[in-house]
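Student: Structure for this input, please:
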Amino acid sequence: MYGGDYDDTIAIMINGQYRNLKNVRDGVNTTYGAGRTDGWPLLVIPYIKSRGLFVDPGRADTHNIWSSPAHATVDAGYDKYGASYRNQNRFPFYGVNYLFDSPLLIPQSKMGDATPTDFMSGEAHTFTEADDPSGTIFYTESQRGFVPSSTTDVIGQLDTTRGFFGIDAPGLWEVLVSSTVPYVVFWDGSNCSGDWCGDMDPTTIGRQKNTNYVYIGYNEGANATFLDGHVKYLKDAALASGTDYLAATPQDGGSGAFGGGANIVDKVHYLWNLTNNYYGA
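Tutor: Predicted coordinates for the structure are as follows:
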């Protein structure tokens, strides 16, 4: 519906500088993390009406992020862990295929800055860019990465109580970090970060892939929605079709401590690219 109103353009992932934007209501940064910006969850609110659609009923809205409209810091009931602008932009239980639908872009003039991600912004893409809409993942169930020390959750564990707005596509780490393209990959400093790789804990559902932001919590799989609108349940290996994911290990491919993991080996069966030659991957 959103795309129909905007010339088949997919809702942009992030609008403007993610860290430095202010809350509209009070003009100051939120007290918890980054400033407010308009991400795809709030952009599509007029089309879905209910914030409850952002919640996975199997996990519930533990932090009350979606229990009410977003609050600015000056609003009554503001909770830095609850229904703030920051949290509603970041933590829907469904993440968009990040690298192919709206990657964060660092302007070339800022690539040499000490903190270049301070200047990243979204880049719009259209549904018509997909060579195979029925074979391209649009979004899937998501989870947050590792829990930081600023929350009351268990530190160092995957946070399945929140979703995450973007999903790292498998096999793209080497393509991006080995080239000069100014796109941002989500990375938290841990092994496999920014990509998909071998099991962290193969005996525990939900612990298999620690940095791809996909919630692989339902019998080792997740529901994926494709660009043509159909939904399919896929096990983790099927989600990573076209890559060497099952054999991939942390720091695979020469990236050292900065990530690594799966590499694309079969573009015909790969499910995450819009066009058949996206960055030549």
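Student: contacts, neighbours, all on C-alpha from now
Tutor: OK.
Student: buried stuff in stretch 84-95?
Tutor: For stretch 84-95, burial by neighbour count (16 or more other C-alpha atoms under 10 Å) applies to 84-95.
Student: contacts for that stretch?
Tutor: For stretch 84-95, contacts defined as C-alpha atoms under 8 Å, 6 or more residues apart in numbering pick out 23, 30, 33-42, 54-56, 65-66, 70-73, 78, 81, 139-144, 162-167, 213-214.
Student: for it, the distance to its chain's centre please.
Tutor: 10 Å (C-alpha atoms, centre = their mean, to the nearest Å).
Student: Between the two ends of it, how far is it?
Tutor: Using C-alpha to C-alpha, to the nearest Å, the end-to-end distance of stretch 84-95 comes out at 18 Å.
Student: Number of residues surrounding residue 54?
Tutor: 19 (other C-alpha atoms under 10 Å).
Student: Sorry, slip of the keys, the one I care about is residue 76.
Tutor: A count of neighbours around residue 76, defined by other C-alpha under 10 Å, yields 8.
Student: Look up how far residue 84 lies from it.
Tutor: Here the criterion is C-alpha to C-alpha. By it, residue 76 lies 11 Å from residue 84.
Student: low-confidence ranges in the chain?
Tutor: Residues of the chain that meet the criterion pLDDT under 70 lie in 14-37, 117-118, 146-157, 175, 177-182, 188-193, 198-211, 249-260, 276-281.
Student: which ones are touching the residue positioned nearest the centre of it?
Tutor: The geometric centre of the chain, computed from its C-alpha atoms, lies nearest to residue 166 (C-alpha atoms, centre = their mean), at 1.3 Å. When contacts are counted by C-alpha under 8 Å, 6+ apart, residue 166 touches 13, 94-98, 142, 213.
Student: Quick check: phi and psi at the nearest residue to it once chain neighbours are set aside.
Tutor: Once flanking residues are discounted, residue 166 sits nearest to residue 95: 4.3 Å by C-alpha to C-alpha, 6 or more residues apart in numbering. Phi and psi for residue 95, reported as degrees, to the nearest 10, are phi -110, psi 140.
Student: Quickly list what residue 95 is bridged to.
Tutor: Per DSSP bridges, the residues bridged to residue 95 are residue 140.
Student: do you know how far it is from residue 139?
Tutor: 5 Å.
Student: tell me what the helix or strand encompassing residue 42 is packed against?
Tutor: Using DSSP states H and E, residue 42 sits in helix 40-43. Counting by 3 or more C-alpha pairs under 8 Å, 6 or more residues apart in numbering; DSSP states H and E, the packing neighbours recorded for helix 40-43 are helix 85-90.
Student: Give me the subset of the contacts of stretch 84-95 lying in helices.
Tutor: Per DSSP state H, helices hold the following members of these: 40-42.
Student: Let me have those in TSV, adding distance to residue 112 and neighbour count as columns.
Tutor: As requested, these are exported to TSV (distance: C-alpha to C-alpha, whole Å; neighbours: other C-alpha atoms under 10 Å):
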residue	distance to residue 112	neighbour count
40	28	23
41	31	22
42	31	18
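Student: Throw those residues into JSON lines and include distance to residue 128, thanks.
Tutor: Below are those laid out as JSON lines (distance: C-alpha to C-alpha, whole Å):
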{"residue": "40", "distance to residue 128": "19"}
{"residue": "41", "distance to residue 128": "21"}
{"residue": "42", "distance to residue 128": "23"}
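Student: Looking at those, spot the one nearest residue 223.
Tutor: Distance to residue 223 across the ones in helices among the contacts of stretch 84-95 (C-alpha to C-alpha) is lowest for residue 41, with 18.5 Å.
Student: ok, and the closest non-adjacent residue to the closest one?
Tutor: Once flanking residues are discounted, residue 41 sits nearest to residue 89: 5.8 Å by C-alpha to C-alpha, 6+ apart.
Student: Pop out the phi and psi values for residue 169.
Tutor: Per-residue torsions, residue 169: phi -80, psi 140 (degrees, to the nearest 10).
Student: and what of residue 225?
Tutor: phi -100, psi 130.
Student: Give me the nearest residue to it, chain neighbours excluded.
Tutor: Distances taken as C-alpha to C-alpha, 6+ apart put residue 231 closest to residue 225, at 4.4 Å, once the chain neighbours are dropped.
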